[in-house]
Each structure stands twice: as C-alpha cells, then as structure tokens.
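# Fold the following and give me the result.
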Amino acid sequence: MFNAETLNDNMLVQKFIDGDQFALEELINRHKNRVFTYIVLIVKNHQLAEDIFQDTFIKVIRSLKTGKYTENGKFVSWVLRIAHNLIIDHFRKEKLLSTTSNDDTEMDLFNSQKYSDENIEDRLVYEQITEDVRKLIDLLPEDQRQVIIMRHYMGLSFKEISKQTDVSINTALGRMRYALINLRKIIEKNNLHLTKI
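Below you'll find the model as predicted:
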C-alpha cells in the first residue's frame, strides 16, 4: 500500500500499469467529480452522464493497459478529451449534432456543404467534409481545439465555455478566433477544398 497524497497522477498511472489496482482507484477518486460534472453539464441528463462517465474510464483503463497513454503530466486533460469524444459520438448517433452559428466566418467553414436528404451523393460529400474538418481540428493546440469542439459539436454558449474552461468570455472568444484562423491556414497550406465544385 502507498500514501496516495505523495504521488502525482503520472506516478499513479505508472503504478497501475505495473499492476497496482489501488493506484487506479485513487486516480478515479481524485478526478471523478470533475469529469462527471463536466459530462453532466454538457449532456444535461444524469443517467446519460453516468453511462458516458463509465465508458470514459473503461476506455481509460484499456488505453493504459495497452500502452496508448503518452500524455505525461496531462492525465486529467486526456481523460476529459476521451469524454469529449464519447459525448460527440453520442450526439452523432442521436442526430443532435449541430454546427450552426451566427458568426459568418464560422458558418463559411463549418457549413461549406449544405445537407440534402434528397441527394445521396451530396449527403456523402457532406459527411466526408465533416470528417475532414474534425481531422483538421485535431491539429489545433489543445485550448483552441477544446473551445471549438465545445462550441460547434456540443452547442455550448461562450458563457458556458468560459465557466467550464475557467477562463474569461473574452479569452474563450479569442481562442475561437485563433482556432478559425489556424484552421484556414492549415487548409490553405495543404491546398484543401471543403466545398463541392
């Protein structure tokens, strides 16, 4: 047995990888409130939040056991990112995903192809564009990626984003602006096309 208070997250991760189950329990206890609160504030459903919370840590455990964890010093950010992705997957499955925005710059980027239920080809093109944009988002710095996901994939207001990321609304807006600028730079640099010709 060990004194958990003397160990940081990285030490606990390593102890779990080495076979110490108590280390995993301590990691979960240390961060469960933050992770669950984060999820429930977004999905606004306690039962659903519990399901996603459980799935999050199942994925955490599998990733740790298979050596996929490489986020030294960023354990809780990594866990929240896993929760992010699971929430997005849920919204997609429930067809609640929305990328609408009142900002013309944002609309140009995220709605470059209109959905058409009557045209299968257009629908497939739209899905591919959505996936391409998501891959580009993954190239952004973590703070910019976080705000763009929370805004466009989770539908949060900038006030909600500022509360959940513990920054001012102006900072959240600034991160969004820089994220869009950087996305455009990536698109231009790689000569990518997000609109159907």
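
# Next, count neighbours for Asn10.
Neighbour count for Asn10, taken as other Cβ atoms under 10 Å: 14. Backbone N, C-alpha and C define where each C-beta goes, glycine included.

# That one: what's its closest spatial neighbour, skipping adjacent residues?
Ranked by Cβ to Cβ, 6 or more residues apart in numbering and with sequence neighbours excluded, the top spatial neighbour of Asn10 is Asn72, at 5.7 Å.

# With His84 instead?
His84 sits nearest to Ile149 (Cβ to Cβ, 6+ apart), 5.8 Å away.

# in the helix or strand containing the one you found, what's buried?
Using DSSP states H and E, Ile149 maps to helix 142-152. Buried residues in helix 142-152, counted by 16 or more other Cβ atoms under 10 Å: 143-152.

# of these, closest to Phe22?
Gln146 (31.0 Å; Cβ to Cβ).

# Next one: that closest one, what pLDDT does it get?
Gln146 is assigned 83 on the pLDDT scale.

# Leu173 versus the closest residue to it other than its chain neighbours, what's the distance?
Distance criterion Cβ to Cβ, 6+ apart; nearest residue to Gln146, sequence neighbours excluded, is Thr165 at 6.5 Å. From Thr165 across to Leu173, the span is 12 Å (Cβ to Cβ, to the nearest Å).

# By mean pLDDT, which helix or strand of this protein comes out lowest?
helix 104-110 (a mean of 52; mean pLDDT, DSSP states H and E).

# Pick out the residue closest to the middle of this protein.
Centre of the chain computed as the mean C-alpha position; nearest residue by Cα atoms, centre = their mean is His84, 3.5 Å away.

# Return the set of buried residues in the host helix or strand of that one.
Using DSSP H and E, His84 maps to helix 75-93. Across helix 75-93, burial judged by 16+ other Cβ under 10 Å covers 75, 78-84, 86-88, 90-91.

# angle of it against helix 142-152?
30 degrees (axes from the mean of the first three to the mean of the last three Cα atoms, to 10 degrees).

# and helix 75-93, C-alpha only, in PDB?
Provided in PDB are the C-alpha atoms of helix 75-93 (Å, rounded to 0.1, in the frame of the first residue of the first chain):
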ATOM      1  CA  PHE A  75      -3.800  12.900 -17.300                       C
ATOM      2  CA  VAL A  76      -7.000  14.700 -16.400                       C
ATOM      3  CA  SER A  77      -6.900  16.700 -19.700                       C
ATOM      4  CA  TRP A  78      -6.500  13.300 -21.500                       C
ATOM      5  CA  VAL A  79      -9.500  11.900 -19.600                       C
ATOM      6  CA  LEU A  80     -11.600  14.900 -20.400                       C
ATOM      7  CA  ARG A  81     -10.700  14.600 -24.100                       C
ATOM      8  CA  ILE A  82     -11.900  11.000 -24.100                       C
ATOM      9  CA  ALA A  83     -15.100  12.100 -22.500                       C
ATOM     10  CA  HIS A  84     -15.400  14.800 -25.200                       C
ATOM     11  CA  ASN A  85     -15.100  12.300 -28.000                       C
ATOM     12  CA  LEU A  86     -17.700   9.900 -26.400                       C
ATOM     13  CA  ILE A  87     -20.200  12.800 -26.000                       C
ATOM     14  CA  ILE A  88     -19.700  13.800 -29.600                       C
ATOM     15  CA  ASP A  89     -20.200  10.200 -30.700                       C
ATOM     16  CA  HIS A  90     -23.500  10.100 -28.700                       C
ATOM     17  CA  PHE A  91     -24.700  13.300 -30.300                       C
ATOM     18  CA  ARG A  92     -23.900  12.000 -33.700                       C
ATOM     19  CA  LYS A  93     -25.800   8.800 -33.100                       C
END
